[in-house]
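Asks: mind folding the following:
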Amino acid sequence: MAKLNPCKSLNSDLEHSSKCFAAYCKYARRPESKESWTRSVFCPKVVEALGTERKQLRALGIGSGSGEVEYWMLTELKNTYPNILHTSVEPCAEEVTKHKQLAQTNKSKLPGVLFDWRQQTFRKYQQTSGKSEEEHEFHLITAIHSIYFEPDLEKVLEYLYGCLAESGVLVVALDPDVDGVGQLRCQLPLAWDENYHYCSTNHVKAYFDKQHVPYTTLRRPCQVDITPCISQCSPDDDHYQSPASGEGAMLLDFLYQVRDFHHLVPMDDQRKLLRYLMSMCSSIDGDMLVRCDTEYVIVTKLT
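Replies: Prediction:
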């Protein structure tokens, strides 16, 4: 399939992107809840890398969204680090509001945790963050599915690594591009606009390999049910039309990271793209499931 004309990326409309992510979460199937996995798998790995000597922790979240992942992370980390200053960088006003509401509602569960919310893009944060230790040096930095916005991945990683305090930890979570949705996006003929730049954990690991910086990885298994995308009829049918609205349409927008996939992508190409997506499916109890694992790359700053 020839490369398509540039498509408006999902990141160009942050409110719609938030709704599409909610549709994805509804149809995602994971063996462990976000809370359970964060507490039993993710946080122990982070604490092991950080060490237990420090009593104060400065943390930075890039693309924090509604704050759910960071909430479960902070409720667990405060057991080891009683004083935490958490800076949250998120461009979508609606998501920042949700994050603030979550923190306020659960204030009693976050004693000793102070928040600094920055409603801005990562690029704007780079331009406006101060040079003081509190504003520029962090013990923990997390970037969970959030650096697709930046055109130069190596510069982003260089900057984030440079913001780490001695023995600080950087966590970058992205698609692994070896299977499922990661492979789908890696091999897409779509040409996104300047608001989206595909990268996977393979790119992140390649950068740190080149810098001779060691890292460890974690994989969080997940599958997503794409049945709502193909419920009208099979892409093999000449009369196939992708969902024009509703959860199926939002799920397609999220999977392909395109704003309005139904209207922007020509119908023949929609059929080909959906056939390719279905070729990676397994059918379980009537659901069409595609792997959409997340891989976490955990880097400790060399002393």
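Asks: can you list the low-confidence ranges for the stretch 1-150 of the chain?
Replies: Residues of the stretch 1-150 of the chain meeting the criterion pLDDT under 70: 1-6, 130-135, 149.
Asks: over to the stretch 201-303 of the chain?
Replies: Using pLDDT under 70, the stretch 201-303 of the chain drops low at 231-245.
Asks: now do the helices in it.
Replies: 201-210, 227-230, 246-256, 261-264, 267-279 (DSSP state H, counting those that start in this stretch).
Asks: tabulate the ones you listed (JSON lines), appending mean neighbour count.
Replies: Using the backbone N, CA and C atoms, a C-beta is placed for each residue, glycine as well. Below are the helices of the stretch 201-303 of the chain laid out as JSON lines (neighbours: other Cβ atoms under 10 Å):
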{"stretch": "helix 201-210", "mean neighbour count": "17"}
{"stretch": "helix 227-230", "mean neighbour count": "20"}
{"stretch": "helix 246-256", "mean neighbour count": "22"}
{"stretch": "helix 261-264", "mean neighbour count": "18"}
{"stretch": "helix 267-279", "mean neighbour count": "16"}
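Asks: kindly reformat those helices as CSV containing distance to Leu184.
Replies: As requested, the helices of the stretch 201-303 of the chain are exported to CSV (distance: least, Cβ to Cβ, whole Å):
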stretch, distance to Leu184
helix 201-210, 15
helix 227-230, 12
helix 246-256, 7
helix 261-264, 13
helix 267-279, 6
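Asks: let me see the contact set for Phe254.
Replies: Leu10, Ser17, Cys20, Phe21, Ala23, Tyr24 (Cβ atoms under 8 Å, 6 or more residues apart in numbering).
Asks: restricted to helices, list those.
Replies: Judged by DSSP state H, helices contain the following of the contacts of Phe254: Ser17, Cys20, Phe21, Ala23, Tyr24.
Asks: pretty sure the fourth one contacts Leu252?
Replies: Spelled out, it's Ala23. No: counting by Cβ atoms under 8 Å, Ala23 stays clear of Leu252, with 9.4 Å between them.
Asks: farthest-apart pair in the contacts of Phe254, please.
Replies: With distances taken as Cβ to Cβ, the most widely separated pair in the contacts of Phe254 is Leu10 and Ala23, at 11.6 Å.
Asks: count the neighbours of Gln104 for me.
Replies: Per other Cβ atoms under 10 Å, the neighbour tally for Gln104 reads 10.
Asks: if you could redo that for Arg220, that was the one I meant.
Replies: Neighbours around Arg220, by other Cβ under 10 Å: 18.
Asks: from Glu76, how far out is it?
Replies: 16 Å (Cβ to Cβ, to the nearest Å).
Asks: of the contacts of Phe254, which is the most crowded?
Replies: Leu10 leads the contacts of Phe254 on contacts (other Cβ under 10 Å) with 26 neighbours.
Asks: wait, that one sits on His16?
Replies: Yes: counting by Cβ under 8 Å, His16 is a contact partner of Leu10 at 7.1 Å.
Asks: need the residues touching each of these two.
Replies: If you check Leu10 and His16 against Cβ under 8 Å, 6+ apart, the residues they both contact are Asp253, Arg259.
Asks: let me see the contact set for Cys163.
Replies: Counted by Cβ under 8 Å, 6+ apart, Cys163 has contacts Leu60, His136, Glu137, Phe138, Ile141.
Asks: tally of neighbours for the fourth one?
Replies: In this case it means Phe138. Counted with other Cβ under 10 Å, Phe138 comes out at 24.
Asks: I figured it hits Leu60, correct?
Replies: Yes: checked against Cβ under 8 Å, the pair Phe138 and Leu60 is within contact range at 4.5 Å.
Asks: overlap in contacts, the two.
Replies: With Cβ under 8 Å, 6+ apart as the test, Phe138 and Leu60 both reach Thr87, Cys163.
Asks: and the residue nearest to Ser200 when sequence neighbours are not counted, its phi and psi?
Replies: Setting aside the residues directly before and after it, Ser200 is nearest to Asp177 in space (Cβ to Cβ, 6 or more residues apart in numbering), at 3.8 Å. Dihedral angles of Asp177 (phi, psi; degrees, to the nearest 10) stand at phi -100, psi 20.
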